[in-house]
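Novice: Got a sequence here, can you build the structure:
(one chain, ligands or ions: 2)
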Amino acid sequence: MSASTHPCGTPSLTPAGWAERQLPHLDTLLLEQAHLEKKAAAAALAFLFRLPTDASQNRQLSALAREELVHFERTLKLLELRGIAFAPQEASGYAEKLKKAVRRDATRLGDELLVAAIIEHRSHERMTLMARATAETEPVVSRFYSDLCPAEERHEQLYLDLATSVVDAETVRTRHAELLAHEARVLAELPACPRLHGGLREAVSR
Ligand SMILES: [Fe+2]
Ligand SMILES: [Fe+2]
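Specialist: Ligands and ions are numbered 1, 2, ... in the order given. You can find the predicted model right below:
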């Protein structure tokens, strides 16, 4: 998986063994998942007010926002089942650093939609890995990740389509590649930590 490329052209960056290293921190990841789903719903709603009033696009984005809220509620249920309190949690910094590459010009909305697509892709990639890694030992958690994955894949595609509707196709191609390169740098520089969106920089041992 780590060397593969998504049909959308989005590379998979997560190295082999990443999901297995998260297993001792499953509760922390699930708490993060709840925060991520809530943020994803809020981001979709915010886009809904900034996109042109195209009925079909608005309907699809509205459905995406609702789907993220369903994911949020389902994650809260899983937290409750596992006796994990829904509490504040420090973010990994991934999304915040990704957004720093968004250009503040006429293509800003296109950039922001591409960043949303990249976040959906990375979530989908890592949730797929977590579903596999938990299949034997945590079947309920594995099923949870598996159930959510197809939606996140669709969300990536919708954000790519929306980007293409507000910026020309050539700009989308160029910016998608540039933002993916930025994402690879962000992940390489962020420290590895127990988060779905954690970085890949391992602490140097002496
Ligand atoms: Fe989601
Ligand atoms: Fe999503």
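
Novice: so where do the helices sit in the protein?
Specialist: All helices of the chain, identified by DSSP state H, fall at 18-22, 26-48, 55-81, 94-99, 108-133, 139-166, 169-189.

Novice: so which of the ones you listed comes closest to ligand 1?
Specialist: helix 55-81 (3.7 Å; Cβ to the ion). (Each C-beta comes from the backbone N, C-alpha and C, glycine too.)

Novice: I'd like the helices of the chain written out as a markdown table, with distance to ligand 1, mean neighbour count and mean pLDDT added.
Specialist: Shown next, in a markdown table, are these (distance: least, Cβ to the ion, whole Å; neighbours: other Cβ atoms under 10 Å; pLDDT from 0 to 100):
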| stretch | distance to ligand 1 | mean neighbour count | mean pLDDT |
| --- | --- | --- | --- |
| helix 18-22 | 18 | 18 | 97 |
| helix 26-48 | 5 | 19 | 98 |
| helix 55-81 | 4 | 16 | 98 |
| helix 94-99 | 14 | 17 | 98 |
| helix 108-133 | 7 | 23 | 98 |
| helix 139-166 | 5 | 18 | 97 |
| helix 169-189 | 18 | 16 | 96 |
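
Novice: Quick one: those as JSON lines, columns for distance to ligand 2 too.
Specialist: Below are those laid out as JSON lines (distance: least, Cβ to the ion, whole Å):
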{"stretch": "helix 18-22", "distance to ligand 2": "19"}
{"stretch": "helix 26-48", "distance to ligand 2": "5"}
{"stretch": "helix 55-81", "distance to ligand 2": "6"}
{"stretch": "helix 94-99", "distance to ligand 2": "12"}
{"stretch": "helix 108-133", "distance to ligand 2": "5"}
{"stretch": "helix 139-166", "distance to ligand 2": "4"}
{"stretch": "helix 169-189", "distance to ligand 2": "16"}
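
Novice: would CSV of those with distance to Leu196 be doable?
Specialist: Shown next, in CSV, are the helices of the chain (distance: least, Cβ to Cβ, whole Å):
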stretch, distance to Leu196
helix 18-22, 8
helix 26-48, 6
helix 55-81, 11
helix 94-99, 9
helix 108-133, 5
helix 139-166, 10
helix 169-189, 12
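
Novice: for those, which one sits closest to Ala87?
Specialist: Closest to Ala87 of the helices of the chain, according to Cβ to Cβ: helix 26-48, at 7.1 Å.

Novice: Next, the angle helix 139-166 makes with that closest one.
Specialist: 20 degrees (axes from the mean of the first three to the mean of the last three Cα atoms, to 10 degrees).

Novice: So what's the gap between helix 26-48 and the chain middle?
Specialist: Distance, stretch centre to chain centre, for helix 26-48: 9 Å (Cα atoms, centre = their mean, to the nearest Å).

Novice: Before I go, just wanted to say thanks for your time.
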